[in-house]
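Engineer: sequence and predicted structure below; questions after.
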Amino acid sequence: MQPLVQRGHLLTEQANPNSQNLDQLTALELVDLFNQEDAKAVAAIAAARQELAEAITRTAEAMRHGGRLFYVGAGTSGRLGVLDAAECPPTFCTDPEQVQGIIAGGAAALLRSSEELEDREEDGAAAIAHHRITERDVVVGITAGGTTPYVHGSLQAARQRGATTVFIACVPADQVSVHADVDIRLLVGPEVLAGSTRLKAGTVTKLALNTISTGVMVQLGKVYGNRMVDVAVTNTKLHDRALRIICDLTDLSREDAAYLLERSGRKVKLALLMHWTGLEREEGDRLLADHQGNLRLAIRAVKDSL
């Protein structure tokens, strides 16, 4: 058995002086306290703005050249990574292979706690090998307290394979150091419930992952203005959203927008390109492919050719 490591000095393990009487508060006082503490998550994102921007830039560049984005974590951190990855295909019509979440314990750990599995550094390395990570990929290791062996094993293995590595933790670098291309520290301070990093640490991690994945997709041209023009039309809600996007960005009625959407194969981006340029579906598809799916660049190419 490995010697037990002392972790009490970590920021995420310390007691919060603002919640020392937590068990004596009324329900309303509890809500107010949580609200005050959660505000620190937004401030932590602002403090890490440069590192988050670098993660976006590096990941977008990697994905332009066929790379993939992997989130790796255990417990809450792992679940948040899996969640963000799972939301990319319906929002941006990405291939499920492009953004993936890896959690210690696999799919079963999403529903039932498997916290003991985070101590196996070799399992993290094995997961990197299993997913055949290459120098084209980006691996984001997420660990609130910064010490999770599974995550460190994953990052070390990813570095050995030449992948771009990103580290996300809620402790300062002088408490836990790491070798990574991008080092993101989200310092929200001690939790309201000491050591329960599913709280502020979980909140700020979700904010960071939202920022990274959405920022990457914007840079990859999967957004036009602030509309998700690569939305996958897979249910009635998303079908309605697709029609509203087309109507809002054009002068078409809902009926005409529906006809255009069907002509495009239910691809909003292609439908808009067809409407604005007069191209047919096959030619529009080719043009978008030539411009890596960027609608603005495709439209500009048509205008420049006139």
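Structural biologist: Yep, that arrived.
Engineer: tell me how many other residues crowd the residue lying closest to Ala169 once chain neighbours are set aside.
Structural biologist: Computed as C-beta to C-beta, 6 or more residues apart in numbering, the closest residue to Ala169 that is not its neighbour in sequence is Gly146, at 3.8 Å. Just so you know, the C-beta spots here come from the backbone N, C-alpha and C atoms, and that holds for glycine as well. Other residues near Gly146 come to 24 when the count uses other C-beta atoms under 10 Å.
Engineer: secondary structure class of the residue nearest to Leu199 when sequence neighbours are not counted, three-state.
Structural biologist: Leaving aside its sequence neighbours, Leu199 sits nearest to Glu191 (C-beta to C-beta, 6+ apart; 4.9 Å). Using DSSP: H, G, I helix; E, B strand; the rest coil, the structure places Glu191 in coil.
Engineer: I'd say Ser113 and Gly75 touch.
Structural biologist: Yes. Contact criterion C-beta atoms under 8 Å: Ser113 and Gly75 qualify, at 7.2 Å.
Engineer: so for the two, which sits in the more crowded spot?
Structural biologist: Between Ser113 and Gly75, counted using other C-beta under 10 Å, Gly75 has the larger neighbour count: 24 against 10.
Engineer: from what I can see that one touches Glu118, true?
Structural biologist: Yes. Look at Gly75 against Glu118 with C-beta under 8 Å: they come within range, at 6.3 Å.
Engineer: anything in contact with each of the two?
Structural biologist: Ala104 (C-beta atoms under 8 Å, 6 or more residues apart in numbering).
Engineer: what's near enough to touch the residue nearest to Leu199?
Structural biologist: So Glu191 contacts 12, 16, 37, 197, 199-201 (C-beta under 8 Å, 6+ apart).
Engineer: and which of those is nearest Ala107?
Structural biologist: Thr197 (21.9 Å; C-beta to C-beta).
Engineer: how about the nearest residue to the closest one, chain neighbours excluded?
Structural biologist: Distances taken as C-beta to C-beta, 6+ apart put Ala144 closest to Thr197, at 3.8 Å, once the chain neighbours are dropped.
Engineer: where along the protein do the strands fall?
Structural biologist: In the chain, the strands defined using DSSP state E lie at 69-73, 99-103, 138-142, 164-169, 182-185.
Engineer: give the pairing partners of the first one; include direction for each.
Structural biologist: Strands that pair with strand 69-73, judged by DSSP bridges, come out as strand 99-103 (parallel), strand 138-142 (parallel).
Engineer: next: the last one.
Structural biologist: With DSSP bridges as the test, strand 182-185 is paired with strand 164-169 (parallel).
Engineer: circling back: phi, psi of the residue nearest to Leu199?
Structural biologist: Main-chain dihedrals, Glu191, degrees, to the nearest 10: phi -80, psi 160.
Engineer: could you check how far it is from Leu261?
Structural biologist: Using C-beta to C-beta, to the nearest Å, Glu191 is found at 47 Å from Leu261.
Engineer: ok, Ala125 next?
Structural biologist: For Ala125 relative to Leu261 (C-beta to C-beta), the value is 46 Å.
Engineer: more neighbours, the two?
Structural biologist: Leu261 (22 against 19).
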